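>>> pasting the sequence and the predicted model now:
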Amino acid sequence: MQRNSKNSKRYPQRFTSETRLEFIKFLPLKAPSVYSSSLKFYFKFYLKGEPLLNSTKNAIRGAFWTKPFIVLVLLLLLLIPLSFIDNLTYSRSETKQLAQDSILTPVGGELQIQGLAIVVPYAEIIEAIDKSNNELVKRRVEKNFIIVPKNYSLAAEIDPTYLKRGIFRVPIYNGDFALKADFEAINYTELGVDPARLNFDEAVLVLGVGNQKSFTASPALSLNGKELKQYHGNTEAKIFDRSLIYKLPASALSSDFSISGTLKIQGGEALHLAPIAQNSRFEISSTWASPSFGGGFIAKSREVSASGFKASWEVTGLAAGIAPAWLADQDDRVAMTNWRSNDDRNDAVSIGFIEPVNNYSLIKRCTDYALLFLAVPFLAIFLCEVYTHERIHPIQYLLIGLEDVVFYLLVLSLSEHMGFALSYAASAIAVSAIVFFYASAIFKGARWGIFITCVQLVSYAILYVILNSEDYALLMGSLMIFAVISLVMYFTRKLDWYDTAIPSGEKKQEQEPEI
């Protein structure tokens, strides 16, 4: 067999015993290490008489079917930068909370009006046996006799606004609460209380609040139209977190009377009203368009519109677990106003002045679904690779995946300066545009870039719908997975998977998906 020039060599299609020695002559005498694996490959397949082209195709097909596993590994590796974005979201949320706390502290935080009650000192004599000398001794114990209103009402018009600290803001509000409380004369005998042990001269009216910074002016309360003076001396009436105390005339408790006044208050994010009365009524209205009604009692009526809301509550003492009057130790507090956590406020009426969209919680949910929405574009690229017979390197998969991960980072950063919907749309368009140009280049055709971009945009649109439909998120996610798998099965139903890997130098004519 005659040797051709170096530039015009043609290797035989089949090795025979006559051509094996001639084939070896083509190899360098001192083959570098890079040829060692090639020598094993050729001698394994071709010295046995195996066709060169068919064996090469089989080897390439074997390499092709490792691609799905490589793509799966890349997909799992992308969870690493996604976890960084998740941690960054949490960190930014904490930074926002610190900024909001610095705004809320000067205005008293969330407003808590814990109620109105009368406290009368009560001296109880307790008899006990002194075990040391076996004698009967008497001990005086100081208690408080607490009386709550028969009817208690608060009505307010809340004026909300925003205060900013850096790029973060928090809703705060001001308002005037019209307070009215009706007390009735107490039948001490029915309650088992000896009136002689009550010190009516030290009776006080106590207004409970969570933080005295909530008042923008000293509350002016009046008894039957006569103004009460605020008491600044020491008292054992510690039934609320913070208290404003007013001295009552000794004769006031002998008959029915009313307390009225105006509370000029401020606060932020939410307000909580405790129904400490036999009958409580609250009426709140505001221009805030996105209130959150919480607590342990449902509003009797409420109207919410773009111009604001109006709501009212009616709570009985039976529902609130409040008696008309009771004896308590001096250190005892009203149980339903012992608010140490949000769960404790289930005995109150609560209104939250929440922002319509919490971008950090939405981004957190985005990253929760990220693996699914990263897999869909990868699947589209793989199908394009199958139909076009273009060999896409794993690095190219990785670059497109990283661009998809950057989408979540863009949404996070942009949403701190503009609305979530606008930042989401801008990020989706920007990432999809880059993916379009890159996919068009690697597949050598704009139509495949358009296909991958459309898949990406549709997946972003579905994710946005899921984010805004929290109650139906599981259903929509399940339907999406079902639809994706069904479409893949439909478009590949006539595809010969055993003949999909063709060497790029000898590829078939580009196939069209079967419709």
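That came in fine, so what should we check first?

>>> show me what contacts residue 287?
159, 160, 307, 308 (Cβ atoms under 8 Å, 6 or more residues apart in numbering). For glycine as for every other residue, the C-beta is placed from the backbone atoms N, C-alpha and C.

>>> so who does the last one touch?
Contacts for residue 308 were tallied using Cβ under 8 Å, 6+ apart; they are 285, 286, 287, 288, 289.

>>> tell me which two of the contacts of residue 287 sit farthest apart.
Comparing every pair within the contacts of residue 287 by Cβ to Cβ identifies 159 and 307 as the most remote, at 13.5 Å.

>>> what about these two, which has more around it?
It is residue 159, of residue 159 and residue 307, that has more neighbours when counted by other Cβ atoms under 10 Å, with 14 against 9.

>>> beta partners of the residue nearest to that one when sequence neighbours are not counted?
Of all residues not flanking residue 159 in the chain, residue 174 sits nearest, at 5.2 Å (Cβ to Cβ, 6 or more residues apart in numbering). Per DSSP bridges, residues listed as beta-bridge partners of residue 174: residue 159, residue 266.

>>> pretty sure residue 183 contacts residue 255?
No. Applying Cβ atoms under 8 Å, one finds residue 183 not in contact with residue 255, separated by 9.4 Å.

>>> and those two? Which one has more around it.
Applying other Cβ under 10 Å to residue 183 and residue 255 shows that residue 183 carries more neighbours, namely 27 against 10.

>>> that one and residue 404: what is the separation?
Between residue 183 and residue 404 the distance is 66 Å, computed by Cβ to Cβ, to the nearest Å.

>>> give the buried residues for whichever strand or helix holds residue 140.
Assigned by DSSP states H and E, residue 140 belongs to strand 135-147. Buried residues in strand 135-147, defined by neighbour count with 16 or more other Cβ atoms under 10 Å: 143, 144, 145, 146, 147.

>>> who does that strand touch, helix- and strand-wise?
strand 111-130, strand 325-329 (3 or more Cβ pairs under 8 Å, 6 or more residues apart in numbering; DSSP states H and E).

>>> ranking these by burial, who's on top?
Mean neighbour count (mean count of other Cβ atoms under 10 Å) peaks for strand 111-130 among the helices and strands packed on strand 135-147, with a mean of 19.

>>> right, and the helix or strand after the strand or helix carrying residue 292?
Secondary structure assignment for residue 292, by DSSP H and E: strand 291-295. Following strand 291-295 in sequence order, the next helix or strand is strand 301-305 (DSSP H and E).

>>> isn't there a helix covering residue 103?
Yes. Secondary structure of residue 103 (DSSP: H, G, I helix; E, B strand; the rest coil): part of a helix.

>>> relative to residue 210, how far out is it?
Relative to residue 210, residue 103 is positioned 17 Å away (Cβ to Cβ).

>>> now do residue 243
From residue 243 to residue 210 the distance is 11 Å (Cβ to Cβ).

>>> for residue 211, give me its contacts.
108, 109, 112, 241, 242.

>>> what is the neighbour count of the residue lying closest to the fourth one once chain neighbours are set aside?
Looking back up the chat, that one is residue 241. Excluding its sequence neighbours, the residue lying closest to residue 241 (Cβ to Cβ, 6+ apart) is residue 210, at 5.2 Å. Residues lying near residue 210 (other Cβ under 10 Å) number 22.

>>> before we move on, what about residue 254?
11.

>>> that one against residue 185, yeah?
Yes. With contact defined as Cβ under 8 Å, residue 254 reaches residue 185; the gap is 6.5 Å.

>>> quick one: contacts for residue 219?
179, 207, 244, 261, 262, 263, 264 are the contacts of residue 219 under Cβ under 8 Å, 6+ apart.

>>> switch to 7 Å and redo it
207, 244, 261, 263 (Cβ atoms under 7 Å, 6 or more residues apart in numbering).

>>> so residue 288, which state does it fall into?
At residue 288 the chain is in coil, as set by three-state DSSP.

>>> should've said residue 238
Residue 238 ends up coil, using three-state DSSP.

>>> pLDDT value on it, please?
Looking at residue 238, its pLDDT is 70.

>>> that one: neighbouring residues, count only.
15.
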